[in-house]
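Colleague: whatever this is, show me its structure:
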Amino acid sequence: MNFDGQQRERQEQRLRDLGDRTFTLRGETFAFVANARFDVLRRVSELGRDTDGSEIISVLEEAVLELIEEKDGAHERFRQVCAQTEFPVTFTDLNEIATWLIEKQTGRPTQAPSPSTDGREATGTGSTDTSSSTQAVASPN
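Modeller: Residues are numbered from 1 along each chain as shown. Next comes the predicted model:
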């Protein structure tokens with residue numbers, strides 16, 4: 001079996017289906033790759049609670065760079081954007097960008113859904129509690 005033909009067509013179709021792959025960060029426009037190497041996603045997925053903070057930052061930065069097409073000096077422009085001090089790219093910003101890029105690659109959200117309850121948790125006043133005239137609005141998360 002020769003996988004090359006099928007895989008090439010699938011990757012070309014994905015490129016067509018994605019359409020505009022650009023995003024803007026601090027006034028610079030970048031394009032994300034349509035078909036990322038699986039190894040990029042593996043390195044990010046290996047991050048865990050015991051991973052050193054500097055390693056997390058390095059892995060996320062490397063992942064973002066590998067998920068950005070290297071054209072028109074995009075990698076160097078990204079590094080320059082990250083070096084700005086007036087409107088800095090924070091860790092939260094880097095994480096948000098990496099998460100978004102990974103979601104674009106996988107087509108799935110990267111954050112786990114909120115845990116659900118077994119349905120027995122009390123959500124309002126009990127039958128013996130005094131009810132107030134206004135009820136609190138439930139948080140969507």
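
Colleague: the helices in the protein, which residues?
Modeller: 4-18, 38-45, 53-67, 74-83, 91-106 (DSSP state H).

Colleague: looking at these, spot the one closest to residue 24.
Modeller: Among the helices of the chain, the nearest to residue 24 by C-beta to C-beta is helix 74-83 (10.3 Å). Any C-beta I mention is one placed from the backbone N, CA and C, and that applies to glycine too.

Colleague: just want the angle from the closest one to helix 53-67.
Modeller: Counting by axes from the mean of the first three to the mean of the last three C-alpha atoms, to 10 degrees, helix 74-83 lies at 140 degrees to helix 53-67.

Colleague: how about the CA coordinates for helix 74-83, as CSV?
Modeller: The C-alpha trace of helix 74-83 is given here as CSV (Å, rounded to 0.1, in the frame of the first residue of the first chain):
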residue,chain,number,x,y,z
ALA,A,74,7.4,35.2,10.4
HIS,A,75,9.4,33.5,13.1
GLU,A,76,11.7,36.4,13.6
ARG,A,77,8.7,38.8,13.6
PHE,A,78,7.0,36.7,16.2
ARG,A,79,10.1,36.8,18.4
GLN,A,80,10.3,40.6,18.0
VAL,A,81,6.6,40.9,19.0
CYS,A,82,7.3,38.8,22.1
ALA,A,83,10.3,41.0,23.0
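
Colleague: which residue is nearest the centroid of the chain?
Modeller: Of all residues in the chain, the one closest to the mean position by C-alpha atoms, centre = their mean is residue 99, 1.1 Å from it.
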